[in-house]
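Student: my questions concern the predicted model and sequence given below.
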Amino acid sequence: MPAPLVGDVGGDIGDDAELLAAARAGDSDAFRLLWQPVERRAFGVCFHLTANRPDALDALQETQLAAWKGMHRYEGRAPFAAWVLAIARNAALSVVRRRSSHDDLLFPEAAEPHAAESGFDETVAGLVDLRRALATLAPAHREALLLWAGGLTYEQTAAALEVPLNTVKVWIFRGRRSLRELLG
């Protein structure tokens, strides 16, 4: 299996049929080329659903492993990025479910950003505000919004969440409206 990648990645390279075939056949270099363009978006989904970097990195690693081990099941009905983001969502939710309330009692600082995170610069402060605002959304609205903002279409988001298309459109609309109100 390729080593987990947590670096800077570029844009989507598309679904190259040769790379997909090679990755399905077990070529880790082909998988790495498919993984790199979607890694940052997958991390974003994981981070916003877990609300902290260590759990997000755990979920990202689970995502990469699940995608690698599940390549033979990828049918190509949706773009590779959509498939990976759906896996990322499930991995992040799994990490959140495993996290016990006992951990929150032992490490209360994990629930609040550190002084360095709360920011000396406006960009970091804005990201912290966004993270807090996202945390107040209904879970379904947050998940739909994060997948959609991560680059999935409405249809792909509906498929990933296994809900009707109009439901996803409503969730995204309401999530965006709530964020606008919360962020001014």
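Tutor: Looks like it came in fine. Residues are numbered from 1 along each chain as shown.
Student: tell me the domain boundaries of the chain?
Tutor: For the chain, automatic domain parsing gives the domain ranges 13-112, 117-184.
Student: pLDDT-wise, which helix or strand of this protein ranks last?
Tutor: The weakest-scoring helix or strand in the chain, judged by mean pLDDT, DSSP states H and E, is helix 115-118 (a mean of 42).
Student: for the domains of the chain, could you give me CSV that also reports mean neighbour count?
Tutor: Yep, even glycine has a C-beta here, placed from its N, CA and C like the rest. Shown next, in CSV, are the domains of the chain (neighbours: other CB atoms under 10 Å):
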stretch, mean neighbour count
domain 13-112, 17
domain 117-184, 16
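Student: contacts only, for the nearest residue to Thr167 once chain neighbours are set aside.
Tutor: Nearest non-adjacent residue to Thr167, counting by CB to CB, 6 or more residues apart in numbering: Ala158, 7.1 Å away. Counting by CB atoms under 8 Å, 6 or more residues apart in numbering, Ala158 makes contact with Pro164, Leu165, Thr167, Val168.
Student: any idea which helix or strand carries Ala158?
Tutor: Assigned by DSSP states H and E, Ala158 falls within helix 154-161.
Student: returning to what we had before: quick check: the residue nearest to Thr167 vs Arg132, distance?
Tutor: 27 Å (CB to CB, to the nearest Å).
Student: can you check Arg53 too?
Tutor: 15 Å.
Student: repeat that for Gly26.
Tutor: Gly26 is 43 Å from Arg132, where distance means CB to CB.
Student: could you pick out the longest helix of the chain?
Tutor: If you go by DSSP state H, the chain has its longest helix at helix 28-50.
Student: can I get that helix in PDB, CA atoms only?
Tutor: Below are the C-alpha coordinates for helix 28-50, written out as PDB (Å, rounded to 0.1, in the frame of the first residue of the first chain):
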ATOM      1  CA  SER A  28       0.300   1.700  -6.000                       C
ATOM      2  CA  ASP A  29       1.900   4.400  -8.200                       C
ATOM      3  CA  ALA A  30      -1.200   4.600 -10.300                       C
ATOM      4  CA  PHE A  31      -3.300   4.800  -7.100                       C
ATOM      5  CA  ARG A  32      -1.000   7.600  -5.800                       C
ATOM      6  CA  LEU A  33      -1.600   9.600  -8.900                       C
ATOM      7  CA  LEU A  34      -5.300   9.200  -8.600                       C
ATOM      8  CA  TRP A  35      -5.200  10.000  -4.800                       C
ATOM      9  CA  GLN A  36      -3.100  13.100  -4.800                       C
ATOM     10  CA  PRO A  37      -5.500  15.500  -6.500                       C
ATOM     11  CA  VAL A  38      -8.400  14.500  -4.200                       C
ATOM     12  CA  GLU A  39      -6.400  14.300  -0.900                       C
ATOM     13  CA  ARG A  40      -6.800  17.900   0.200                       C
ATOM     14  CA  ARG A  41     -10.600  17.900  -0.400                       C
ATOM     15  CA  ALA A  42     -10.900  14.600   1.500                       C
ATOM     16  CA  PHE A  43      -8.900  16.100   4.400                       C
ATOM     17  CA  GLY A  44     -11.300  19.100   4.300                       C
ATOM     18  CA  VAL A  45     -14.300  16.900   4.700                       C
ATOM     19  CA  CYS A  46     -12.600  14.900   7.400                       C
ATOM     20  CA  PHE A  47     -11.500  18.000   9.300                       C
ATOM     21  CA  HIS A  48     -14.900  19.700   9.200                       C
ATOM     22  CA  LEU A  49     -16.700  16.600  10.300                       C
ATOM     23  CA  THR A  50     -14.300  15.600  13.100                       C
END
